[in-house]
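**Q** Below: sequence and its predicted model.
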Amino acid sequence: QVQLVESGGGLVQAGGSLRLSCAASGRTSAMYGMGWFRQAPGKEREFVAAISVNFGSTSYADSVKGRFTISRDNAKNTVYLQMNSLEPEDTAVYYCAIRRYTGEYTDWGQGTQVTVSS
């Protein structure tokens, strides 16, 4: 099992930036990659971005392309989500998760709140 701890959320004005971190511990050798998801009030959780551990290949939701950047520091077992040009629609609880080699996302973190004011 892998334990994940997110940090970096907060309140920011529209157009501002935040950087989220997700630190992994435990059986990190079982990870294919890590991903970020978010859930806004009254909405389903949605995919934001993902990165593979070994090759650093990335993928993004269309809604965040060009504004968000996912990166990793393998030495620290940490993944980051740099969020620029934030919009009120980005307000949500952001979660990170492990992506297994099966493609499944597991071992979810506790989430960190991001609030973007207009």
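**A** That came through fine.
**Q** List the buried residues of the strand or helix carrying Gln3.
**A** Following DSSP states H and E, one finds Gln3 within strand 2-7. Buried positions in strand 2-7, judged by neighbour count with 16 or more other C-beta atoms under 10 Å: 2, 4, 6. No exception for glycine: its C-beta is placed from N, CA and C like everyone else's.
**Q** who touches the residue positioned nearest the centre of the chain in this structure?
**A** Closest to where the C-alpha atoms of the chain average out (C-alpha atoms, centre = their mean) is Trp36, at 2.7 Å. Counting by C-beta atoms under 8 Å, 6 or more residues apart in numbering, Trp36 touches 20, 22, 48-50, 70, 79, 81, 94-96.
**Q** That one and Ile70: what is the separation?
**A** Taking C-beta to C-beta, to the nearest Å as the measure, Trp36 falls 7 Å from Ile70.
**Q** Which neighbours do the two have in common?
**A** 49-50, 79, 81.
**Q** What is the most widely separated pair among those residues?
**A** In those, the most distant members under the criterion C-beta to C-beta are Ala50 and Leu81, with 10.4 Å between them.
**Q** Which of the two has more residues huddled nearby?
**A** Leu81 (27 against 22; other C-beta atoms under 10 Å).
**Q** quick one, strands of this protein?
**A** For the chain, the strands defined by DSSP state E cover 2-7, 10-13, 18-26, 33-39, 46-52, 58-60, 68-73, 78-83, 92-99, 105-106, 112-117.
**Q** Redo the ones you listed as a markdown table? Include mean pLDDT.
**A** As requested, the strands of the chain are arranged in a markdown table below (pLDDT from 0 to 100):
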| stretch | mean pLDDT |
| --- | --- |
| strand 2-7 | 93 |
| strand 10-13 | 98 |
| strand 18-26 | 95 |
| strand 33-39 | 97 |
| strand 46-52 | 97 |
| strand 58-60 | 97 |
| strand 68-73 | 96 |
| strand 78-83 | 97 |
| strand 92-99 | 96 |
| strand 105-106 | 92 |
| strand 112-117 | 98 |
